[in-house]
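Novice: generate coordinates for the sequence data below:
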Amino acid sequence: MQLSCSIPLPETFRPGDILAFHRRDRQEIAERVSNACLQKAMLWREVPAYLSINFEPGLAKASLAIDGKVAEDCQPIFERMVRRMLGLTQRVEIFEEQYRDHPQLGTLIAQQPGLRVPVTATPFEALTWAVTGQQISVSAAVSVRRKLIVAANIRHSCGLLCYPDARQILDLPEETLRQAGFSTAKTRALRTLSALVASNELPLDAWVETLPVDVIREKLEAVRGIGPWTVNYGLLRGFGWLDGSLHGDVAVRRGLQTLLGAQDKISEESTKAWLARFPPWRALVGAHLWSAQATIV
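Specialist: So this is what the prediction gives:
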């Protein structure tokens, strides 16, 4: 079974941002990235699938090759997923118009107009990536993520391995997760999150359409090992929500220090207070600070 769509892109669209985000793992076991194409294996309704997004001037052409059949009409869901992944649901033009003359943000906007935040194929992937990346470097998190994908061992016919869903993670023994590099606390958080998603107590796919941010935050923060940074990062990368404060992120604080020309490191509280001036765009501001220093988180 195959789905496909062509999506017009804004004049200021930056395909390089999308490609760079998915190029984090140079071993390319689950994603392959070229100068103008993303290829990714994923689970679609629990069936291995192969996503391809090709960028042409002003256009993104996407296809999904599914190793089997699914019962429902998936075309609208597929198109919405692609648009979300490309950041096309993010009204960044409003942000840029509002702050292009701001003494600090105006500089970032002028340097990187049209910046959108790449979003993962599923919210579950974003949330589990956020748990994986807690308090370790991006390179270390990429290594742990790779080992998780290898341990799950769900392969599409194209040869790429699929990122596991909640049920596949629950099928992995705790010792396997520990051997992949997850700490005891992260293993517990990952398994609890997976159990809640598998039982539909965390209906992530439904939340993509409704985005009840307060409900999502309450449910996720009730999971031991998931705090505000993990929630805000998951909302950003999984749903494209642009107002989560990322003041707990080291790279955001480092970017703000550079932007403000401060000699001393900027604290979490000071970063939180500075970002608080810019609702509903606090996470987008954080993404601009990442991009200004070429940091992919």
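
Novice: so Ala185 touches Gly225, yeah?
Specialist: Yes - in terms of CB atoms under 8 Å, Ala185 counts as a neighbour of Gly225; the distance is 5.1 Å. The C-beta positions use only the backbone N, C-alpha and C, and glycine is treated the same way.

Novice: who has more neighbours out of those two?
Specialist: Counted by other CB atoms under 10 Å, Ala185 and Gly225 do not tie: Gly225 has more neighbours, with 17 against 13.

Novice: what's the distance between the closest residue to the more buried one other than its chain neighbours and Cys162?
Specialist: Leaving aside its sequence neighbours, Gly225 sits nearest to Ala189 (CB to CB, 6 or more residues apart in numbering; 3.1 Å). Ala189 sits 22 Å away from Cys162, going by CB to CB, to the nearest Å.

Novice: now do the end-to-end distance for stretch 8-21.
Specialist: One end of stretch 8-21 to the other measures 21 Å (CA to CA, to the nearest Å).

Novice: so what touches it?
Specialist: Residues outside stretch 8-21 that contact it (CB atoms under 8 Å, 6 or more residues apart in numbering) are 33-36, 38, 53, 55, 58-60, 85-88, 93, 112-116, 118, 291, 296.

Novice: what is the burial count for Ile94?
Specialist: 11.

Novice: apologies, that question was intended for Arg91.
Specialist: Arg91 has 13 nearby residues by other CB under 10 Å.

Novice: skipping its backbone neighbours, what lies nearest Met85 in space?
Specialist: Val119 (5.1 Å).

Novice: what secondary structure does that neighbour sit in?
Specialist: coil (DSSP: H, G, I helix; E, B strand; the rest coil).

Novice: now it: how far from Pro8?
Specialist: Distance from Val119 to Pro8, by CB to CB: 18 Å.

Novice: between those two, who's got more neighbours?
Specialist: Neighbours were counted for Val119 and for Pro8 using other CB under 10 Å; Val119 has more, 27 against 9.

Novice: that one contacts Val82, correct?
Specialist: No - using CB under 8 Å, Val119 is not in contact with Val82; the gap is 10.1 Å.

Novice: tell me the pLDDT of Gly68.
Specialist: pLDDT for Gly68: 86.

Novice: list the contacts of it.
Specialist: Contacts of Gly68 (CB under 8 Å, 6+ apart): Met1, Val47, Pro48.

Novice: swap in 10 Å and give it another go.
Specialist: Met1, Trp44, Arg45, Glu46, Val47, Pro48, Ala49, Ser157 (CB atoms under 10 Å, 6 or more residues apart in numbering).

Novice: one more: Gly225?
Specialist: Contacts for Gly225 (CB under 10 Å, 6+ apart) come out as Val131, Gln134, Ser183, Thr184, Ala185, Lys186, Thr187, Arg188, Ala189, Leu190, Thr192, Leu193.

Novice: tell me if I am right that the second one is in a helix.
Specialist: This means Gln134. No - according to three-state DSSP, the state of Gln134 is coil, so it is not within a helix.

Novice: so it touches Ser183, yeah?
Specialist: Yes - between Gln134 and Ser183 there is a contact at 8.8 Å, judged by CB atoms under 10 Å.

Novice: just the buried members of the contacts of stretch 8-21?
Specialist: 33, 38, 53, 55, 60, 85-88, 112, 114-116, 118, 291 (16 or more other CB atoms under 10 Å).

Novice: can I assume Asp249 is in contact with Arg282?
Specialist: No - assessed by CB under 10 Å, Asp249 is found out of contact with Arg282, at 11.3 Å.

Novice: please enumerate the shared neighbours of these two.
Specialist: Asn232.

Novice: got the buried residues for the strand or helix carrying Val208?
Specialist: Element membership of Val208, judged by DSSP states H and E, is helix 204-210. Within helix 204-210, the residues scored as buried using 16+ other CB under 10 Å are Leu204, Trp207, Val208.

Novice: so who does the first one touch?
Specialist: Same thing as Leu204. Applying CB under 10 Å, 6+ apart, the residues near Leu204 are 122-127, 166, 193, 196-197, 216, 234, 238-239.

Novice: give me the common contacts of Gln134 and Ser183.
Specialist: Ala189, Gly225.

Novice: more neighbours: which of the two?
Specialist: Neighbours per residue, other CB under 10 Å: of Gln134 and Ser183, the larger number sits with Gln134, 18 against 15.

Novice: dump the residue contacts of the more buried one.
Specialist: Ala141, Ser183, Ala185, Lys186, Ala189, Gly225, Ile226, Gly227, Trp229, Thr230, Tyr233, Gly248.

Novice: noted, bye for now.
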